[in-house]
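In: Build the 3D model from these lines:
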Amino acid sequence: MFDEFSALALAVAAFVGSHLALSSTGPRRALAGLIGEWPFLGLYSAVSLALFMWVLDAYGAAPEVVLWRPPTALRTLSIAVMGLAAVLVVAGYTQANPTAVILDRLAGAEGPRGITKITRHPAMWGVALWALVHVLATGNVASLILFGGLGGLALAGAAHIDRRRRLAGGEAWQRLEAETSNVPFLALVQVRTRLDWREIGWWRLALAAVVYVAMLFGHQWVIGVSPLAA
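Out: Residues are numbered from 1 along each chain as shown. Reported below is the predicted structural model:
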C-alpha cells in the first residue's frame, strides 16, 4: 500500500517539479534560446503530458484509504464552486491576459479587462479551486496527494509569475498589480477595480456553463464516479 502511495507522490512531485523548473526564467530562457520559443513550448507540453499520464496511472493504482466521509453539504458546496472554476478556466484560456503564456502578447495597454478584474491568474485559480473541491469531496489519501499537489502547483505558479513579472514588468506591471489581485475578488472588495461582466463576454460564460454541465454529467462516464450520487 505504501509503495503505491510513494509511487503516486513521486509522480506528482515530478510533474510539479518539471513545471516549476521549466517555467523558471533561467532554464526557460536557456532552452528557448537553444531550440526556439515554439519548440520549447512544444517540449514543455510533451513533458507535461507524459508526466501527467504517469500521475494518472499511479493514481489509478493507489488503494482507497478514507480519511473522512464528506457530508452532503460539503459535496454540494464543491459542485457549486466548480461552476466558478469553469468560468475562471474558460475565460482564462480565451481572453487576453498579461500574465498568461502566449495570451500576454494579445493583451492591450489599456489596463485589466474582463476576467483579470476578478483575478489576474484566472486559469491558475480555476485549477486550484478544482483541486480543492476534489480534495474536500473525496476525502481519501490518494486524492489528497494528487489534487493537493496540482492545487499547490497552480497557486505556486501564480505567485511565481507575479515575482517574475514584478522584476521585469516595470511601470506597466506596477499599474496592473495595483488594479488587480492574485486572490479572486480581492481587488473588487478593496474597490481597486470595477467589474463589468460584458467585458468577460457572454459567450465565455455560456461556454463555461456548457463545460460545467458536461463535467457534471460526464464525470461518471469518464471517471466512473458521479458527483451527484447520494
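In: buried residues in the lengthiest helix in the chain?
Out: In the chain, taking DSSP state H as the definition, the longest helix is helix 141-168. Burial within helix 141-168, assessed by neighbour count using 16 or more other Cβ atoms under 10 Å, is assigned to 141-147, 149-151, 153-158, 160-162, 164-165. The C-beta positions use only the backbone N, C-alpha and C, and glycine is treated the same way.
In: tilt between the worst-scoring helix or strand of the chain on mean pLDDT and helix 141-168?
Out: Least confident element among the helices and strands of the chain, by mean pLDDT, DSSP states H and E: helix 25-35 (a mean of 78). Put simply, helix 25-35 runs at 80 degrees to helix 141-168, going by axes from the mean of the first three to the mean of the last three Cα atoms, to 10 degrees.
In: Whichever helix or strand comes after helix 25-35 packs against which elements?
Out: Beyond helix 25-35 on the C-terminal side, the first helix or strand identified by DSSP states H and E is helix 37-61. Here helix 37-61 touches helix 2-23, helix 25-35, helix 141-168, going by 3 or more Cβ pairs under 8 Å, 6 or more residues apart in numbering; DSSP states H and E.
In: right, so of those helices, which gets closest to I115?
Out: helix 141-168 (13.8 Å; Cβ to Cβ).
In: From the contact counts, what lies against the helix or strand following the closest one?
Out: In the C-terminal direction, the helix or strand that comes right after helix 141-168 (DSSP H and E) is helix 170-179. When contacts are defined as 3+ Cβ pairs under 8 Å, 6+ apart, helix 170-179 packs onto helix 141-168.
In: picking that back up, show me what the least confident helix or strand of the chain packs onto, helices and strands only.
Out: Where contact means 3+ Cβ pairs under 8 Å, 6+ apart, helix 25-35 is packed against helix 2-23, helix 37-61.
In: Which strands or helices does the longest helix of the chain pack on?
Out: Using 3+ Cβ pairs under 8 Å, 6+ apart: helix 141-168 touches helix 2-23, helix 37-61, helix 122-138, helix 170-179.
In: what angle separates it from helix 122-138?
Out: Using the same axes, to 10 degrees: helix 141-168 against helix 122-138 is 160 degrees.
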